[in-house]
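K.L.:
Mind looking at a prediction? Sequence and model below.
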Amino acid sequence: VRELPSSFRSYTWAPSDREIAALGGIDPSEVLRFDANVPAYPPLAVRPSAVAGAVATVNTYPHGGYQELVTAIARYAGVDPKNVVLGAGSDDLILLVARSFGGPGGRIDIANDPTYPMFDIARALAGAERVTGPPELTFFCRPNNPTGEESPLPAARPLVVDEAYFEYSKDTVADRLDDDIIVLRTFSKAFGLAGARVGYALAAPDVAAELNRRQSPAPVSTLSAALALAALETPPDVTPELEERARLEEGLQVLGFSPLPSVTNFVYVPVTDPPALRDSLYSRGLAVRAVPGGVRISVRDELDDDVLLAALAAITSGAAPAPARNRARRVRRARATAETRIAVTLQLDGGGSVHIATGSGLYDHFLEQLGFHAGFDATVSGSGDRETGSHHTVEDTAITFGETLDRALGDRSGIARYGDAVVAMDDALATAAVDLGGRAWAEIDIHPDPGLAVHSLTSLAQAARMTLHVTASGSDAHHVAEASFKAVGRALKKAISRSGASIPSTKGIL
Ligand code: PMP
């Protein structure tokens, strides 16, 4: 191989979920990552069926390239397809532009400091020098990672403007491609497809043609192209993330931190010893990025961000560290089948804050009642093949919720185990009895059933490994089902309540 300069440092990954979990003594699924600037969930529009066609033809190449995706990207970005260059994430395009403009002995400048390390890695791999003298190419990150700020465009040309966080800042120079500007964008951030590795460059037609000539023939997989196309059908609404960023910033300020103003989905927080703070959070199962002069924290959602704020509060007040295990009754789980994709977060010791949005409105409402009356904090998001009716979505939501409940209960020591409730609702009367002893059994008698109430509660009981008896009747099917879900919630509230530390069985094991 050609020698690299001795100063070369390749990209270093943060530790894996498994490594961080080992530090905190928790399950890898409980690790919360605030270090990758990606949304907490994949986009709703993206579900397994989006890749079904690509799987069916995975034996073949994308002959002729990805014209459909290129056209959709051009439409989204407000440019012509001739302006578009595809890449395996914008990292691939950073490497492509660096080697296209700056070969061995060439000159590449990087306008921000600190900034995204891949610019300098790509420069060194191309063999180019970090300039003195007019550069052949300048990288500029806007908004900048890791500081989250947006500074004025430098005068240097040609200029690569990395707009990985454009969807958050909503500020672009994609209308200035004729001014010797190349824009880099990605599906990894606001679009929530980091694992798919799809990015694109926007450039003047002659520059784009030259870059395409030097790009590999199929830089993204057919599966990834299908995911990106599906995501483009409903471009992301980042309003909730931006609102949550404001809440997180306030929380950090209350703790005495001074996060820099950000136009992105992350905040830069100056601290005196970034690695020490990062390591302290690692030991609690929380990953943030240590960067020069501070830590970079990605916004997740209210539930997760509050876990981070609580950990930071414990660290800064010098209070005894809350062991990561304290989160044991708080679990997230995602499940994808050929028909649906459902993600659940569940905190057993919550305050009844429950948000369910799978598109099956009636059963979302019933499950919300169950969670509220059980005293959970829960979110369920997902989507399914509702064109086939509600059946798959309702069933998979109940299964995923049940599996999450099973996990949150851990080894089931220290709980009451049994619970029951009677709930009246106008014409309807429902009784529910629960045993969390670990055996899955459902005796559900609901008359009239609005359609899927029996099936949903049966699936829930099986996945949660609980015995569930429900009897409900009345004249209005909606009331009967709603009273049933409420009764199950109330019975669960009793069954999960803390009661000593032992396993609640004379057998000593559940
Ligand atoms: N540019 C910037 C500024 C980034 O922060 C990142 C990812 N952290 C990337 C590019 C790489 O994104 P991709 O996943 O598209 O390679």
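P.N.:
Nice, I can see it.

K.L.:
What residues does the closest residue to P158 other than its chain neighbours make contact with?
P.N.:
In this structure, P158 finds its nearest non-sequential neighbour in D180, 4.6 Å apart by CB to CB, 6 or more residues apart in numbering. From N, CA and C alone the C-beta is placed, and that goes for glycine too. With contact taken as CB atoms under 8 Å, 6 or more residues apart in numbering, D180 is in contact with R157, P158, L159, A204.

K.L.:
ok, so of those residues, who is nearest S280?
P.N.:
Minimum distance to S280 across those is 39.4 Å, recorded for L159 (CB to CB).

K.L.:
I'd say that closest one and I182 touch.
P.N.:
Yes. Contact criterion CB atoms under 8 Å: L159 and I182 qualify, at 7.3 Å.

K.L.:
which one of these two has more residues nearby?
P.N.:
Taking other CB atoms under 10 Å, L159 and I182 do not tie; I182 has more neighbours (27 against 23).

K.L.:
Got the phi and psi for that one?
P.N.:
With angles defined as degrees, to the nearest 10, I182 sits at phi -120, psi 130.

K.L.:
could you show me where the strands are in the stretch 401-510 of the chain, in order?
P.N.:
Here the stretch 401-510 of the chain has its strands, by DSSP state E, counting those that start in this stretch, at 418-425, 428-435, 441-447, 467-473.

K.L.:
for the second one, what is the average pLDDT?
P.N.:
Along strand 428-435, the predicted local confidence has a mean pLDDT of 98.

K.L.:
For that strand, list the C-alpha coordinates in PDB.
P.N.:
Output in PDB follows, covering the C-alpha atoms of strand 428-435 (Å, rounded to 0.1, in the frame of the first residue of the first chain):
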ATOM      1  CA  ALA A 428     -70.500  -2.100  29.900                       C
ATOM      2  CA  LEU A 429     -69.000  -4.000  32.800                       C
ATOM      3  CA  ALA A 430     -65.500  -5.600  32.600                       C
ATOM      4  CA  THR A 431     -63.500  -7.700  35.100                       C
ATOM      5  CA  ALA A 432     -59.900  -8.600  34.700                       C
ATOM      6  CA  ALA A 433     -57.500 -10.800  36.700                       C
ATOM      7  CA  VAL A 434     -53.800 -11.000  36.100                       C
ATOM      8  CA  ASP A 435     -51.100 -13.400  37.200                       C
END
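
K.L.:
Provide the strand pairings for that strand, with the direction of each partner.
P.N.:
strand 418-425 (antiparallel), strand 467-473 (antiparallel) (DSSP bridges).

K.L.:
what angle do the last one and strand 441-447 make?
P.N.:
It refers to strand 467-473. Orientation check (axes from the mean of the first three to the mean of the last three CA atoms, to 10 degrees): strand 467-473 against strand 441-447 gives 10 degrees.

K.L.:
Strand 467-473: how far from the chain's middle?
P.N.:
36 Å (CA atoms, centre = their mean, to the nearest Å).

K.L.:
hmm, who's touching that strand?
P.N.:
Residues contacting strand 467-473 (CB under 8 Å, 6+ apart): 428-435, 437, 439-447, 457-458, 460-461, 480-481, 483-484, 487-488.

K.L.:
V51 versus the residue nearest to P158, what's the distance?
P.N.:
38 Å (CB to CB, to the nearest Å).

K.L.:
for the stretch 101-250 of the chain, what spans make up the strands?
P.N.:
Shown for the stretch 101-250 of the chain, the strands assigned by DSSP E, counting those that start in this stretch span residues 107-110, 129-130, 137-141, 159-162, 181-186, 199-202.

K.L.:
could you dump the ones you listed to CSV with distance to Y61 and mean pLDDT?
P.N.:
Converted to CSV, the strands of the stretch 101-250 of the chain look like this (distance: least, CB to CB, whole Å; pLDDT from 0 to 100):
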stretch, distance to Y61, mean pLDDT
strand 107-110, 33, 96
strand 129-130, 38, 90
strand 137-141, 31, 97
strand 159-162, 29, 98
strand 181-186, 24, 98
strand 199-202, 20, 98
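
K.L.:
Any chance of JSON lines for those, columns distance to the ligand?
P.N.:
Converted to JSON lines, those look like this (distance: least, CB to the nearest ligand atom, whole Å):
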{"stretch": "strand 107-110", "distance to the ligand": "12"}
{"stretch": "strand 129-130", "distance to the ligand": "18"}
{"stretch": "strand 137-141", "distance to the ligand": "5"}
{"stretch": "strand 159-162", "distance to the ligand": "5"}
{"stretch": "strand 181-186", "distance to the ligand": "3"}
{"stretch": "strand 199-202", "distance to the ligand": "4"}
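
K.L.:
still on that earlier bit, nearest to A228, out of the strands paired with strand 428-435?
P.N.:
Of all the strands paired with strand 428-435, strand 467-473 comes closest under CB to CB, at 41.9 Å.
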